[in-house]
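Visitor: Dropping a prediction and its sequence here:
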Amino acid sequence: MLKMCCGASVLLVLSQASGAYAQGYPARPVRLVIPLAPGGSADIVGRLLAQKLGETFGQQFVVDNRPGASGIIGAEIVARAPRDGYTLLLAGSSFVLAPSLQRKLPYDPLKDFAPITMAANSPGLLVVNPALPARTVKDLIAVARAKPGQLNYGSPGSGTSPHFAGALFNMMAGIEMVHVPYKGAAMVMTDLIGGQIHASFASMLSAIGHAKAGRLRAVAVTGLKRSAALPELPAVAETVPGFESGSWQILLAPAGTPAPIVATLHREIVRVVHLPEVAAQLARDGSEPVGNTPQELAQWLPGEFAKWAKVARAARLHVE
């Protein structure tokens, strides 16, 4: 009986300490690791969040860009960080693609992180050179089937989200467009406009300006539904049911971070992304605020890992 009472007392003390810890959080600057180079959609969202969260908490949220190795470098930093809520990861699609490209990761993407929330989501944009006789997804599939292996699509590099999106499209539509890797999204847009390549599953941020100016033809958005940024444009899924690809930004902490701290971060991040000025900024870049629960994010992630692993196997994407 004494042992049980002592055990209960220990649990009570730990619970009270955890709650008190969360009430004083954050007591110093918080490091927000972005495993990508500055300038992309993740960096834009990350800096916006860092600014607003800093204003909310009265402590700096310091952005730390750590690009390289398909996001693995930045993710490993956070996985190995103290479990105190002072080192966070803003992860994008590379987080769920990395296991399909690397035989062994220096962390377990499902066990070494505590999900907080998905901050924002942005569909990609399927764009083609205006000279290509394809105004719809159905047209593009027809042209690809009539010319197997002759159509190509560009991406910012092998193993990137646009590369995987094209591989998913090939698999689901039963076609064979050839992948052409570049060193960055700007080069893809230049060659697509110039007619050196036929199509691209581009990020909204990199392609929407060219599409609106008529330099490229926007065929569809790559989310499951139409985008508020281009409501007149159909989703690929309207022709290829179930097709979905795009970019998103999720917040993760090291596994074992106290639940009250995760709850505090979740509550404030959700509030911030739905502020009118933040939602408006996201909309300008083709993104929408999300703010799901840690439990919903935890349930969603395994399906994403499985989905893209299947695409990698079907497309025989190279594994290091």
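Guide: Perfect, I can see it now.
Visitor: low-confidence ranges in this protein?
Guide: By pLDDT under 70, the low-scoring segments of the chain are 1-22, 318-320.
Visitor: domains for it, by residue range?
Guide: Using automatic domain parsing, the domain parsing of the chain gives 29-121+247-315, 123-238.
Visitor: so which of the ones you listed gets nearest Gln23?
Guide: domain 29-121+247-315 (8.0 Å; Cβ to Cβ). Heads up, the C-betas are built off the backbone N, CA and C, glycines and all.
Visitor: what's the span of that closest one from first residue to last?
Guide: This stretch, domain 29-121+247-315, spans 43 Å end to end (Cα to Cα, to the nearest Å).
Visitor: Mind putting the domains of the chain into CSV with distance to Gln23?
Guide: Shown next, in CSV, are the domains of the chain (distance: least, Cβ to Cβ, whole Å):
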stretch, distance to Gln23
domain 29-121+247-315, 8
domain 123-238, 38
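Visitor: can you put these in CSV and add mean neighbour count?
Guide: Formatted as CSV, the domains of the chain follow (neighbours: other Cβ atoms under 10 Å):
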stretch, mean neighbour count
domain 29-121+247-315, 19
domain 123-238, 19
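Visitor: Cross-check the contact I'm expecting between Ala229 and Gly209.
Guide: No - applying Cβ atoms under 8 Å, one finds Ala229 not in contact with Gly209, separated by 11.5 Å.
Visitor: all strands of the stretch 1-150 of the chain, in order?
Guide: Taking DSSP state E, counting those that start in this stretch as the test, the strands found in the stretch 1-150 of the chain are 30-34, 61-65, 87-91, 113-128.
Visitor: quick one: Val188 from Ala50, how far?
Guide: To Ala50, Val188 is 28 Å away according to Cβ to Cβ, to the nearest Å.
Visitor: Phi first, then psi, for Ser155.
Guide: Dihedral pair for Ser155: phi -140, psi 160, per degrees, to the nearest 10.
Visitor: Check Met189 too.
Guide: Dihedral angles for Met189 - degrees, to the nearest 10 - are phi -60, psi -40.
Visitor: quick one, what contacts it?
Guide: 200, 202, 206-207, 210, 216 (Cβ atoms under 8 Å, 6 or more residues apart in numbering).
Visitor: can you check Tyr86 too?
Guide: Tyr86 neighbours (Cβ under 8 Å, 6+ apart): 26, 28-31.
Visitor: At which residues are the helices of the stretch 151-300 of the chain located?
Guide: Secondary structure of the stretch 151-300 of the chain (DSSP state H, counting those that start in this stretch): helices at 161-173, 185-194, 204-212, 259-273, 276-284, 294-315.
Visitor: Taking strand 87-91 as reference, get the angle to the fourth one.
Guide: With axes from the mean of the first three to the mean of the last three Cα atoms, to 10 degrees as the basis, helix 259-273 and strand 87-91 are set at 50 degrees to each other.
Visitor: Helix 259-273 to helix 294-315, inter-axis angle?
Guide: Angle, helix 259-273 to helix 294-315, by the same axes, to 10 degrees: 80 degrees.
Visitor: Could you do the third one as well?
Guide: Between helix 204-212 and helix 294-315, the angle formed by their directions is 70 degrees, by the same axes, to 10 degrees.
Visitor: quick revisit: can you check which of the strands of the stretch 1-150 of the chain gets nearest to Pro106?
Guide: Counting by Cβ to Cβ, Pro106 lies closest to strand 113-128 out of the strands of the stretch 1-150 of the chain; the figure is 13.0 Å.
Visitor: Sheet-wise, list the partners of the closest one with their directions.
Guide: Sheet pairing for strand 113-128, assigned by DSSP bridges, gives strand 199-203 (antiparallel), strand 217-221 (antiparallel), strand 246-254 (antiparallel), strand 288-289 (antiparallel).
Visitor: can you put the ones you listed in TSV and add distance to Ala42?
Guide: Converted to TSV, the strands paired with strand 113-128 look like this (distance: least, Cβ to Cβ, whole Å):
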stretch	distance to Ala42
strand 199-203	10
strand 217-221	19
strand 246-254	5
strand 288-289	15
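Visitor: so which of the ones you listed comes closest to Gly74?
Guide: Evaluated over those, closeness to Gly74 peaks at strand 246-254, with 10.7 Å, by Cβ to Cβ.
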